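Engineer: can you look at this prediction? I've put the sequence above it.
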Amino acid sequence: MDEKLNSQMNSNAAPPERATILGMIVFIGSLKILEGLGLSPPIAFFVSGVLDIFVIYWIPPRPPTPFPRYALIMVLTWLGVVVAFWPIPAMLRRMIPVELAYAIPAFIFTVSLYVMPILQSGKRWHYGKNKQEIGFVNWVIGCAGFSLIVGGVVMILRIVRQHN
């Protein structure tokens, strides 16, 4: 049964580059249109991301996840991105250094991404380059590294803005 499904999915599969290019066109195009219509950047970013994911879903090979479940997970993911990088840092920067105000929500959001595949398909699919599972501890270490990068970028941007 799985072999039949895989052969059907691969027989009409579009090259991944085509889906990626189409996704970028949809995302950037809709983002520019929505910002041109006067939507605030966070809302335009969210709507464009959701629209992009919904378009990409229908390009073969489609994920085995039913569309309603896929849609819910993707909307929650994009909502998490927007909340983690716009309103939460704006609130936190009044109480803590701006670098931490961005790095802490980035860390919490990326750690929460660990459960998204489990919610989407019911099983884990966190794999490294050699197809071995990525454990939660390694995931958290990667999230900490990403958060350090976010904090570093914010620090650099702040310094550049102060000198201009």
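Structural biologist: Sure thing, it's come through.

Engineer: what are the ranges of the helices in the chain?
Structural biologist: 2-11, 16-36, 41-57, 67-85, 87-92, 98-112, 116-121, 136-163 (DSSP state H).

Engineer: tell me the buried residues in the longest one?
Structural biologist: Spelled out, that is helix 136-163. For helix 136-163, a neighbour-count test (16 or more other CB atoms under 10 Å) marks 143, 146-147, 150-151, 154 as buried. In short, each C-beta sits where N, CA and C put it, glycine included.

Engineer: likewise the fifth one?
Structural biologist: Of the residues in helix 87-92, those scored as buried under the neighbour-count criterion (16+ other CB under 10 Å) are 88-89, 92.

Engineer: okay, and for this protein, where does confidence drop off?
Structural biologist: 1-18, 119-132 (pLDDT under 70).

Engineer: Met155 contacts Glu99, doesn't it?
Structural biologist: Yes. Contact status for Met155 versus Glu99: in contact at 4.9 Å, counting by CB atoms under 8 Å.

Engineer: picking that back up, and the buried residues of helix 136-163 as a markdown table, adding distance to Pro61?
Structural biologist: Below are the buried residues of helix 136-163 laid out as a markdown table (distance: CB to CB, whole Å):
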| residue | distance to Pro61 |
| --- | --- |
| Cys143 | 29 |
| Phe146 | 29 |
| Ser147 | 33 |
| Val150 | 33 |
| Gly151 | 38 |
| Val154 | 38 |
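
Engineer: of these, closest to Pro117?
Structural biologist: Pro117 has its nearest neighbour among the buried residues of helix 136-163 in Cys143, at 15.0 Å by CB to CB.

Engineer: spatially nearest residue to that closest one (excluding sequence neighbours)?
Structural biologist: Thr110 (4.1 Å; CB to CB, 6 or more residues apart in numbering).

Engineer: tell me the contacts of the one you found?
Structural biologist: Residues in contact with Thr110 (CB atoms under 8 Å, 6 or more residues apart in numbering) are 142-143, 146-147.

Engineer: could you do Ala106 as well?
Structural biologist: 84-85, 146-147, 150-151.
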